[in-house]
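S.K.: mind looking at a prediction? Sequence and model below.
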Amino acid sequence: MMERFIKISYTGKVKDTGAVFDTSDAKVAKEEGLEKKGRVFKSLPLVVGAGQVITGLDEALEKLSKTDPRNAELVKLRYFAGLSLDQVAKIEGISRRTATRWWTYARAWLHREISGSRDFF
């Protein structure tokens, strides 16, 4: 298995509002008021190669986006952006409790899609 490292720079924005919620760029962080004491803004290393991605995740997320876009967006914010449920709730304009319900449902739905199991729905 051949693996390699690449460096990525990113700026994460909320789809509907364009509000920046995370970035690796120090200039963007300063402009958007995201600077935090001790946080270093720089390109991040990423491992690329076999076994580094959950097989079927992209396809399952695409399918979820078509049937339930709000849950798909929540998954993207949690899984890819690494946001907490509190942060997601604030961005989505929902309660923490609702965010938790959506997250629980989305995780179960994705598990079913990726594993092919129909046992728990």
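M.R.: Received it, and whenever you're ready, just let me know what you need. The shown structure was predicted, so the numbers you read here are calculated from the model rather than taken from an experiment.
S.K.: measure how buried residue 96 is and give me the count.
M.R.: 13 (other CB atoms under 10 Å). Placement of C-beta: from N, CA and C, glycine included.
S.K.: what does residue 56 give?
M.R.: With other CB under 10 Å as criterion, residue 56 counts 14.
S.K.: pull the contacting residues for it.
M.R.: 113, 114 (CB atoms under 8 Å, 6 or more residues apart in numbering).
S.K.: check the secondary structure at residue 98 for me.
M.R.: Residue 98 falls in the helix class when you classify it by DSSP: H, G, I helix; E, B strand; the rest coil.
S.K.: what sits against it?
M.R.: residue 89.
S.K.: please enumerate the strands of this structure.
M.R.: In the chain, the strands defined using DSSP state E lie at 3-8, 11-13, 20-23, 44-49.
S.K.: run me through the strand neighbours of the shortest one, direction for each.
M.R.: Strands adjacent to strand 11-13 in the sheet, as given by DSSP bridges, are strand 20-23 (antiparallel).
S.K.: ok, residues contacting the partner strand?
M.R.: 10-14, 28-29, 32, 34, 41, 77, 81-83, 87, 91.
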